[in-house]
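Visitor: Can you look at this prediction? I've put the sequence above it.
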Amino acid sequence: MPRTPQPLPSTLGTHFSVAQATAAGASLRRLRAKDLESPFHGARRVITAHPAPEEDDDGTPFARDRRIRAAVRDSAHLYATVMPPDSFFCGRTAAVLLGAPLDHGQKLEVAVRAPRRAPRARGIQGRTVAAHLVEVQMRAGLRVTSPATTWAMLGRDLNERQLIVLGDALVRVPRDHGGELHPELSLASLAQLRSALDLGPRPRATVRLVAALDRIRVGSASPLETEYRLDAESQGLPEPVLDMPICDAHGRRLGISEVVYPQFRTVAEIEGDHHRVSQRQWDRDLAKYRAYVEAGWHVVRLTSRNIRGSRPDAVALVRRALALRGWDGAPTRDSRLRAL
């Protein structure tokens with residue numbers, strides 16, 4: 001029978017460097033035991049310490065996204081035990097660590113300021129950046145590029161549409177369970193994104209970043225909402241008001257909706273998978289929509305299939321609803337969007 005490894009020093013936790021372990025009294029032989037793995041040179045992770053599947057892991061995109069983010073956070077905290085002192089997480093890795101909606105590759109993206117050399121290691125994609133183009137913050141114990149400079153640095157890797165989706169997520173103003181806005185919880189502001197561009201030119205990225213910044217809006221709560229808005233804009237629909245409270249004739253708030261055309265009393269409700277799999281959310285949605293209709297609003301319910309499917313019809317559905325409500329087909333632009 002294989003021998004059970006000796007317990008590790010209790011001070012080590014689940015992620016540690018070889019240097020930390022030997023300083024705590026662990027032998028090099030112990031650090032080669034099969035209950036440990038070494039994704040990064042000089043680092044160790046207890047294999048049984050991988051995050052357990054969440055109870056609400058139902059196979060939906062939200063659940064898969066949570067798993068991916070948890071894996072990236074776990075790897076980042078492990079690499080942090082051995083990463084060079086002046087390095088920091090950037091690019092897609094920084095965006096995921098910040099909670100932004102972005103896919104992540106197999107490698108962690110790590111940068112240093114010039115003239116230092118980019119880190120080279122297994123599982124790491126190194127990068128050297130001009131010192132004046134980057135700001136670094138501490139997030140959950142990790143050195144990460146600030147939200148605004150993360151967005152700007154990704155200008156060379158993302159297309160304009162992806163930069164708008166990411167920008168919308170960064171400037172979103174969260175609401176609490178009571179529906180109150182909390183600007184202090186936003187990851188970034190439009191002004192901060194502009195400031196990141198003002199730090200200096202970025203070869204292969206500046207033109208694309210400037211074009212994307214002009215189309216970023218405050219109020220989108222998900223990539224699906226941003227994608228619908230961009231598709232509707234490109235096909236000539238009026239520009240909607242985002243994240244708008246809907247009230248009845250007495251001023252009582254009936255709900256808050258993502259995409260609203262107030263002039264035509266029409267709401268586009270974009271429903272992610274959680275609207276489908278959560279009975280509580282489903283019941284709440286039905287009650288809200290009934291109240292909307294009673295107050296004279298028309299509701300167009302859209303899913304990812306309407307927006308991202310092989311034959312997307314979201315814009316056509318909303319166009320038809322607006323026409324029934326008196327829209328003459330002329331694009332309009334609600335000035336309030338710029339003030340949000």
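Guide: Great, that's in hand.
Visitor: quick one, helices of the stretch 51-200 of the chain?
Guide: 61-79, 91-98, 147-153, 160-171, 190-198 (DSSP state H, counting those that start in this stretch).
Visitor: Those helices into JSON lines, with extra columns for mean neighbour count?
Guide: For the C-beta atoms, the positions are set from N, CA and C on the backbone; glycine is no exception. As requested, the helices of the stretch 51-200 of the chain are exported to JSON lines (neighbours: other Cβ atoms under 10 Å):
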{"stretch": "helix 61-79", "mean neighbour count": "17"}
{"stretch": "helix 91-98", "mean neighbour count": "26"}
{"stretch": "helix 147-153", "mean neighbour count": "28"}
{"stretch": "helix 160-171", "mean neighbour count": "23"}
{"stretch": "helix 190-198", "mean neighbour count": "17"}
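Visitor: now these in JSON lines, with distance to Glu225 and mean pLDDT?
Guide: Converted to JSON lines, the helices of the stretch 51-200 of the chain look like this (distance: least, Cβ to Cβ, whole Å; pLDDT from 0 to 100):
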{"stretch": "helix 61-79", "distance to Glu225": "14", "mean pLDDT": "87"}
{"stretch": "helix 91-98", "distance to Glu225": "18", "mean pLDDT": "96"}
{"stretch": "helix 147-153", "distance to Glu225": "18", "mean pLDDT": "97"}
{"stretch": "helix 160-171", "distance to Glu225": "8", "mean pLDDT": "98"}
{"stretch": "helix 190-198", "distance to Glu225": "17", "mean pLDDT": "95"}
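Visitor: closest to Ile47 out of those?
Guide: Ile47 sits nearest to helix 61-79 of all the helices of the stretch 51-200 of the chain, at 11.9 Å, using Cβ to Cβ.
Visitor: okay, the angle between the closest one and helix 91-98?
Guide: With axes from the mean of the first three to the mean of the last three Cα atoms, to 10 degrees defining the directions, helix 61-79 sits at 110 degrees from helix 91-98.
Visitor: between the helices of the stretch 51-200 of the chain, which one is nearest to Ala33?
Guide: Per Cβ to Cβ, nearest to Ala33 of the helices of the stretch 51-200 of the chain: helix 61-79, 16.9 Å.
Visitor: got a pLDDT number for the residue nearest the centre of the chain?
Guide: Note on the chain: the residue nearest the mean C-alpha position is Ala100, at 1.7 Å, using Cα atoms, centre = their mean. Listed pLDDT for Ala100 reads 93.
Visitor: Check Asn306 too.
Guide: For Asn306, the pLDDT comes out at 96.
Visitor: what about it, helix or strand, and which?
Guide: helix 304-308 (DSSP states H and E).
Visitor: Show me which positions of that helix end up buried.
Guide: 304, 306-307 (16 or more other Cβ atoms under 10 Å).
Visitor: what comes into contact with whichever helix or strand comes after it?
Guide: Downstream of helix 304-308, the next assigned helix or strand under DSSP H and E is helix 314-324. For helix 314-324, the external contacting residues (Cβ atoms under 8 Å, 6 or more residues apart in numbering) are 228, 231-232, 235, 237-238, 261, 264, 266, 268, 298, 300, 302, 306-307, 329.
Visitor: and which of the residues you listed is nearest Gly255?
Guide: Nearest to Gly255 among those: Ala268, at 13.3 Å, using Cβ to Cβ.
Visitor: Wait, a helix at the closest one?
Guide: No. Under DSSP: H, G, I helix; E, B strand; the rest coil, Ala268 falls outside any helix and is assigned strand.
Visitor: Check the burial of it by counting its neighbours.
Guide: Ala268: 27 surrounding residues under other Cβ atoms under 10 Å.
Visitor: what's the straight distance from one end of stretch 35-44 to the other?
Guide: Start-to-end span of stretch 35-44 (Cα to Cα, to the nearest Å) is 10 Å.
Visitor: any weak-confidence spans in this structure?
Guide: 1-2, 49-62, 273-279, 281-282, 332-340 (pLDDT under 70).
Visitor: What's the biggest strand in it, counting residues?
Guide: strand 253-261 (DSSP state E).
Visitor: That strand: which residues count as buried?
Guide: 254-255, 257-261.
Visitor: same deal with stretch 24-36?
Guide: Buried, per 16+ other Cβ under 10 Å, within stretch 24-36: 26, 30-31, 33, 36.
Visitor: if we can go back for a sec, can you tell me which of the contacts of helix 314-324 are buried?
Guide: Using 16+ other Cβ under 10 Å, the buried ones in the contacts of helix 314-324 are 228, 231-232, 237-238, 261, 264, 266, 268, 298, 300, 302, 306-307.
Visitor: what's the closest of those residues to Arg45?
Guide: So of the buried ones among the contacts of helix 314-324, ranked by how close each gets to Arg45 (Cβ to Cβ), first place is Ile307, at 38.6 Å.
Visitor: Contact partners for that closest one?
Guide: Here Ile307 is in contact with 224, 227-228, 231, 270, 314 (Cβ under 8 Å, 6+ apart).
Visitor: can you rerun that using 6 Å?
Guide: Contacts for Ile307 (Cβ atoms under 6 Å, 6 or more residues apart in numbering) come out as 224, 227-228, 314.
Visitor: Show me which of those residues is closest to Val207.
Guide: For the contacts of Ile307, the nearest to Val207 is Glu227 (22.1 Å; Cβ to Cβ).
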